[in-house]
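>>> Sharing a sequence plus its predicted fold:
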Amino acid sequence: MNCNDIASGIIASNSVGNTFECNPVYNSDYGLAILYNAAGQTIKTNYFDDCRIDLGIHSEIGWQIHKGNDFVRGSTRAEGLSINELNNSLFFVDSSYMYHMPVDPKPPTGWFFHEDSVDLDCFIPVGPSFPEFYNDTIRLCDYYNRLKGLKDSLPNVFFVNLFHLLKYEQAREEFTLPDCIKTDSLLTRLCGLGELVDVDSELRNINEPLDERDPLDASIQKIDELQQEYIETTDSLEKQLILTELKDSIMVIHPALNQIKLSDSLKLDEIRLELDSIDCSEYIVQLWVDILGIYIDFLQAGEIAETNRIALLFYSRLCSDEYGDYIHLARSMAMLFDSTYFDVYDDCREGIQPRSINKKQKELALSVIPNPNNGQFTVYLDSILSGIFVITNVNGQEVMRQNFEQVDKININNLIQKGIFFITVSTTEGQYGIKKFVITD
C-alpha cells in the first residue's frame, strides 16, 4: 500500500510480508490493525489522525527500524502476544518528532520503546538499510521455533503460518528459507502443505494480467494506448481513425487470446488433479482443497454453481483467524450471490473483542439428543431449514459432512468412533450454530 487516503482504516490478516507505507488514515476505529496470522509486516511513514486506536497488532510483525510513523492520538495496542513476540515487534522511535512516540501504548513497556533518530520524509528512503524480518536468519529460526510451540494447542494456526513462510519463499526469488526450517522433519511431514503452496502459486500464475504475459504484453499495451488516445481526442475524424486501428489491433490478438483461454482451462484441469491427489485427514487441508475446487469451478464456468453455494456460505462463516487464507477466498465468491458481512465471524481467538459488534450474526439454536450417546442421535433445529452440517473431532479432523433440505431435525445413526465431537450447522438463511457432543459406547 502506498500513499492512499483511507477513511475506514487498514486491516491485514492471513497475509505475509506486506508493506504499509505513506498512508494517511483519518476518523477510523483502528488506523491500522495487524490481525492474526500476519507476521513480518513493514509499517512506515503512515499518518494516523483521530483514530480511536492508531495501531493494533495481534501478530509478530518484526522490527520496525527507522519507519517514522505519526501517531496523533497516540493509542497503540499489542494484544495476545508473548514477551518474545513483543520483543520482535519493536518500533524504533524518535521522541524529538511530534507524534512519533505514542503516548498511550499498551502494554506500556516492552513494545515501541527504543529511542533512535529517523528521517520522516515519505518520499525518500527512510533511514539506513536494515534487514527485514524475513531476511534475518537468526530471528527467522527463532520465530519458527515459537511457531512449533503452537502445533499441539493451535494446529490450524501452526499450519497457516507455515503455509505463509513457504508461500513467501516461492513468491520472492531473492529469499530462501534457512535450513532450520526447510530441513526440519516437522515441516516435511505435514500432509498437504507443500502441495497447497504449489497449487496457490499455479493459480496466481493463471490469474496474472494479460498484459504481463508474453507474447501479448506489447499488443495489450498498444490497445491501452489507443483507448487512452480515443478518450483524449476531440476531433471526430481522428477518433474514427483511432477506432479503426483499435479494432484491427483487437482482431490481431483475438486468436492468441483464445489460445490463452484454452491453455488456462487445461491448466486448471491439471490443478484439479493435483487437488484430488491430496489425501490428508487434517480438517484444514480438506477445507482448503474444497474451497480451491469451488474456485476452479468458478474460473472455468464464470459463475458460482448452485450446488456449491451452500458449502461456500458454510466456509465463509468459519473464523479466518483459525482457518486462514482461503476463508477469505470463500467469502469473496460468496459475495457474488450473498450480502452477508462475514467478518463478524472473525476475531474468534480468546481475548479479542468482536471486530464489528454492531453487526450481529444469526445464531442457530441446536440440541443434540441424547448427549452423551452411542453414535445414534438427533440434532434438533429451531425451525424447518436447509443447509449443510459438518462433524469434526477434537483434533479438527472431519468425520462427516452432509447437505440437508427442508428439515427441522437431522438423524445421525452411523458414527462408531468414541470421543468428543462438534457438529457445525450453516443454513441457507445465514444462520450458524455449533454444538459439542460425546459418544461413549
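Received the coordinates, thanks.

>>> Check the gap between Ile10 and Tyr36 for me.
15 Å (C-beta to C-beta, to the nearest Å). For every residue, glycine as well, the C-beta is placed using N, CA and C.

>>> With Gly9 instead?
17 Å.

>>> Ser316 now?
Distance of Ser316 to Tyr36, given as C-beta to C-beta: 17 Å.

>>> out of Gly9 and Tyr36, which sits in the busier spot?
Comparing Gly9 with Tyr36 by other C-beta atoms under 10 Å, the one with more neighbours is Tyr36, at 25 against 21.

>>> Now do the phi/psi pair for the more buried one.
Taking degrees, to the nearest 10, you get phi -70, psi 160 for the backbone angles of Tyr36.

>>> Isn't it up against His58?
Yes: between Tyr36 and His58 there is a contact under C-beta atoms under 8 Å: 5.3 Å.

>>> Could you list the low-pLDDT ranges of the stretch 251-400 of the chain?
Regions of the stretch 251-400 of the chain meeting the criterion pLDDT under 70 cover residues 252-263, 349-362, 394-396.

>>> That one: helices as residue ranges?
283-301, 306-316, 320-323, 325-334 (DSSP state H, counting those that start in this stretch).

>>> Just the buried positions in the second one, please.
Judged by neighbour count using 16 or more other C-beta atoms under 10 Å, the buried positions of helix 306-316 are 308-316.

>>> just how off-centre is stretch 163-176 within its chain?
Centroid separation for stretch 163-176 versus its chain: 16 Å, with C-alpha atoms, centre = their mean, to the nearest Å.

>>> closest to Thr19 out of the helices of the stretch 251-400 of the chain?
The closest approach between Thr19 and any of the helices of the stretch 251-400 of the chain, judged by C-beta to C-beta, belongs to helix 325-334 at 18.6 Å.

>>> Glu363 and Asp382, how far apart?
Counting by C-beta to C-beta, the gap from Glu363 to Asp382 is 10 Å.

>>> Same question for Asn308.
Taken as C-beta to C-beta, the span from Asn308 to Asp382 is 26 Å.

>>> Kindly report the same for Trp63.
51 Å.

>>> And those two? Which one has more around it.
More neighbours surround Trp63 than the other of Trp63 and Asp382, with 20 against 13 (other C-beta under 10 Å).

>>> Might one say that that one is in contact with Asn88?
Yes: contact status for Trp63 versus Asn88: in contact at 6.9 Å, counting by C-beta under 8 Å.

>>> just to revisit the earlier point, want to throw the buried residues of helix 306-316 into JSON lines with distance to Tyr230?
Shown next, in JSON lines, are the buried residues of helix 306-316 (distance: C-beta to C-beta, whole Å):
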{"residue": "Asn308", "distance to Tyr230": "40"}
{"residue": "Arg309", "distance to Tyr230": "40"}
{"residue": "Ile310", "distance to Tyr230": "45"}
{"residue": "Ala311", "distance to Tyr230": "44"}
{"residue": "Leu312", "distance to Tyr230": "40"}
{"residue": "Leu313", "distance to Tyr230": "43"}
{"residue": "Phe314", "distance to Tyr230": "47"}
{"residue": "Tyr315", "distance to Tyr230": "43"}
{"residue": "Ser316", "distance to Tyr230": "41"}
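
>>> so which of these would you say is closest to Arg189?
Tyr315 (26.3 Å).

>>> Now do the same contact list for the closest one.
287, 290-291, 326-327, 330, 334 (C-beta atoms under 8 Å, 6 or more residues apart in numbering).

>>> any idea which of these is closest to Thr176?
Comparing these against Thr176 with C-beta to C-beta places Tyr326 closest, at 25.5 Å.

>>> Show me how this structure divides into domains.
10-134, 136-190, 205-276, 283-345, 362-439 (automatic domain parsing).

>>> Which members of the contacts of Tyr315 are the farthest-apart pair?
Most distant of the contacts of Tyr315, by C-beta to C-beta, are Leu287 and Ala334, 14.5 Å apart.

>>> For the closest residue to Val93 other than its chain neighbours, identify the helix or strand it belongs to.
In space, Val93 comes closest to Met101 once its chain neighbours are excluded; the distance is 4.8 Å by C-beta to C-beta, 6 or more residues apart in numbering. Using DSSP states H and E, Met101 is not contained in any helix or strand.

>>> From Thr137, how far out is the residue of the chain most remote from its centre?
Distance from the C-alpha centroid of the chain peaks at Leu237, with 50.0 Å (C-alpha atoms, centre = their mean). Using C-beta to C-beta, we find Leu237 at a distance of 64 Å from Thr137.
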